[in-house]
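Colleague: Sharing a sequence plus its predicted fold:
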Protein chains: 2
Amino acid sequence: MVSGLVAADGRVVRHGTRRVHGNDGPDAVLEVVVRSARECLADGPRRPAAIGIAVAAQVDPRSGTVVHAPNLGWRDVPLARQLADELGGPVTVVNDARAATAAEWRFGAGVGVDDLFYLSLGTGVGGSAVVGGRLLEGGSHALGEVGHLTVVAGGRRCHCPNVGCLEAYVGGWAIAERAREAAASDPPGGSGLSDLAGDRASITAETVFAGYRAGDRLATEIVRETVRILADGAVGIVNAFNPSLLAVGGGLVAGMPEFVPAIASAVGSRCQPPAAGVRVVPSSLGPSAPMVGAADVARRAPRLR
Amino acid sequence: MVSGLVAADGRVVRHGTRRVHGNDGPDAVLEVVVRSARECLADGPRRPAAIGIAVAAQVDPRSGTVVHAPNLGWRDVPLARQLADELGGPVTVVNDARAATAAEWRFGAGVGVDDLFYLSLGTGVGGSAVVGGRLLEGGSHALGEVGHLTVVAGGRRCHCPNVGCLEAYVGGWAIAERAREAAASDPPGGSGLSDLAGDRASITAETVFAGYRAGDRLATEIVRETVRILADGAVGIVNAFNPSLLAVGGGLVAGMPEFVPAIASAVGSRCQPPAAGVRVVPSSLGPSAPMVGAADVARRAPRLR
C-alpha cells in the first residue's frame, strides 16, 4: 500500500510504501495503514484537511463501509469509522478505480473533460466513468466494471460467475493462464516462455511481455490475441459509454504501452460515428492515481459538522 | 409516426398516427409532423406548455439539431428551429431511446428508481441510462448504445463498422437474416419457416416467433441462440452500468415476452455480486413511451425567455 500527504493541487508532498497481506484480516491491515498515515503526517499539518483511502472493493461511499473486497476477503468492514477513530478526522473511502478516475479527471489526462472513461488494465480489468461532469456510482456503487462485459460468447471461464468476460482474456491473471496453457501444448523447444519464467507454472503476464520483446513466437501470438480481444472490448465500451476521452491505465499498460495506440486505432475505425471521435490516451498519473484521487474525493466530500 | 397531447402526469389526452416515409426527405416528413401535431392541438390548449419530439437519431439537445439519423438519411437538420417556426413554441428534440427511458422513469416501470437502464429490443438494439437520478447524454449524445457492444469476438458483421455486436445477433433485422441463412442451408421439408413467410426472402423476426410458437425446429434453434446471446449481452450491460432496475422494451419483447425472464435469470446468476441484485422488468408504457418521454423532457427543459 502507499500512503501520502497530498496537496489541494494533487501534488504528493510526502509518501510512504508498506507491504500489507490481505489474508492477515482487516485489523492487521488497518494497523499498517494507520502507522503509514501517521508517518506521512509527522512533518506535515497536525490535522489533514481530509483523509481519503482507496481500496479495491465495492464501497458504500455514504457510510464508508467496505461492502465486499474479494481480493482481501473482506465483507462489511466499517473502514471509515475505524480509521477515523485512529486518525482523528473524517475519512472518505473510495473504490480504487473510481479514485484513479477522479485523479485523472482533476489533475491528469482528463483535466477539463466532462465525459471521461478510465479503463484500468491490471491483474483485473476495471473502469469508471465521469459523465456530464459527474463521477458515477451506480445502483450498488459498481458502475464501470467493464472487465465483466461478455466479449467472447461461450468463452473462457472468468473469476466471476460469467464466461467470456473481457477480463478472462486480457486481465493479467488471464494472460498468464492463457500463456501457461499454450506453453503446455507447445512442442518442446518451441517457445522460450517456460525458460524465461524458470518453469511453466511461473509464467506471468510480465513473462509474456518479455518474451514478446525478445521475439518469442508463442508470446507474440498471445500478445496479438490479447490486442484483438482488448480492441473488441474497447469498441463496445466506447459505443456504450460514449466518452470524449478514454484514458487507459494500470500495470499492464506500463508493461505494454502498445496497447493504447492499438485501442485508439480499433475505436477510431470500428465505433459508431458519434462515438468514434473519442480521444484515447494513456493515463498520466501512474500508480499514485488511486491515492491522489481518494485524497481529492475526500477533500470535496460534504461533511456533517 | 405518432403525435399526441400529453398531460403533465404522462396521460395521453389525444393522439394520432400518420405514415411517414424517411426517404421523402426532411421537408416532407416535417409537413406530416406539423399537420399531425396541429390536429392533436385542435380541441386542446391554444398553445401547449411545451413541444417535444423523439427521433431515432443522434441529437444535439442544446440546439435541437438532428446531427445524424441513419434510418432517415438526415444529417444536421435543425429540427427544433423548423418545428418552432411552424408550431409557434419552443421545441425540444430528444433521441428516441432517451425519450422512452425518460417516460419509463417518470411514469412507467422506473418510477422512484435513481439508477435505471432501459434496453430497447426492436429492429435495432439500443438503450439509455439514468444514473444517480440523471438521464445521461454522453460526450456526443450517444450514451447507452449497447446494441454495439461486442459480444461475439470476430462474429457476424453488423450494420455498424464493428463485427460481433449484440445487435448483429438479436436485432430484428439480424434474427431475420440468421433465419433466412438457416432456412437456405436446411434440407427441403426440414422447416416450415419459408412457407410461413411465403418465401425464404420474406422471413422476418415475426416469422421466427410464429414458427417457434408452432413448434418449428429451426425457429426454436434461432430463438434459443437469440436468448443465449441476449443473456450474454445483458450480463455485460448490468455489470457495466450497475442499474437497480433494468427495463426491457421494444417491438421484439411484444412478440416474445419470454425474453424478459430469460434475461432476469441470466443476470441474477451470472453478474458480479454487487450488480446481480438488479430487478429486470418489461417496460410498461409500450410504443407510446418515446412520445410521452419527449413531452416530459420538453416540459422540464430550461427555457430562454
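Modeller: Noted; the coordinates are in hand. Residues are numbered from 1 along each chain as shown, chains lettered A, B, ... in the order given.

Colleague: Could you double-check that residue A:101 lies in contact with residue A:135?
Modeller: Yes - with contact defined as CB atoms under 8 Å, residue A:101 reaches residue A:135; the gap is 6.4 Å. Placement of C-beta: from N, CA and C, glycine included.

Colleague: Common neighbours of the two, please.
Modeller: A:128, A:129 (CB atoms under 8 Å, 6 or more residues apart in numbering or on different chains).

Colleague: what about those two, which has more around it?
Modeller: A direct count of neighbours by other CB atoms under 10 Å in any protein chain shown for residue A:101 and residue A:135 places residue A:101 higher, at 34 against 23.

Colleague: and whichever strand or helix holds residue A:252, how far from the chain's centre?
Modeller: Following DSSP states H and E, one finds residue A:252 within helix A:251-255. Centre-to-centre, helix A:251-255 and its host chain are 11 Å apart (CA atoms, centre = their mean, to the nearest Å).

Colleague: And that helix, what's buried?
Modeller: A:251, A:252, A:253, A:255 (16 or more other CB atoms under 10 Å in any protein chain shown).

Colleague: now swap in stretch A:93-113 and tell me
Modeller: Neighbour count says stretch A:93-113 has A:93-110, A:113 buried, by 16+ other CB under 10 Å.

Colleague: how far does it stretch from start to finish?
Modeller: End-to-end distance for stretch A:93-113: 24 Å, by CA to CA, to the nearest Å.

Colleague: do stretch A:236-248 as well
Modeller: With CA to CA, one end of stretch A:236-248 sits 15 Å from the other.

Colleague: and if you look at stretch A:119-138?
Modeller: Counting by CA to CA, you get 16 Å between the two ends of stretch A:119-138.

Colleague: With stretch A:261-280 instead?
Modeller: 8 Å.

Colleague: starting at the chain centroid, how far to that stretch?
Modeller: Relative to its parent chain, stretch A:261-280 has a centroid offset of 21 Å by CA atoms, centre = their mean.

Colleague: The helix or strand just after the helix holding residue A:252: how far from the chain's middle?
Modeller: Using DSSP H and E, the next helix or strand after helix A:251-255 towards the C-terminus is helix A:259-270. Averaging C-alpha positions (CA atoms, centre = their mean) puts helix A:259-270 20 Å from its chain's average.

Colleague: buried stuff in the next helix or strand after helix A:259-270?
Modeller: Next in sequence after helix A:259-270, counting helices and strands by DSSP H and E, comes helix A:273-276. For helix A:273-276, a neighbour-count test (16+ other CB under 10 Å) marks A:274, A:275, A:276 as buried.

Colleague: now stretch A:145-158
Modeller: Applying 16+ other CB under 10 Å to stretch A:145-158 flags A:145, A:146, A:147, A:148, A:149, A:150, A:151, A:152, A:153, A:155, A:156, A:158 as buried.

Colleague: Cross these against strands and list the overlap.
Modeller: Under the assignment DSSP state E, the buried residues of stretch A:145-158 contribute nothing to strands.

Colleague: Single out the residue in the stretch 1-150 of chain A that lies closest to chain B.
Modeller: Of the stretch 1-150 of chain A, the residue with the smallest distance to chain B, taken as CB to the nearest CB, is residue A:138 at 3.1 Å.

Colleague: Just confirm that residue is within a helix.
Modeller: No - read with DSSP: H, G, I helix; E, B strand; the rest coil, residue A:138 is coil and lies in no helix.
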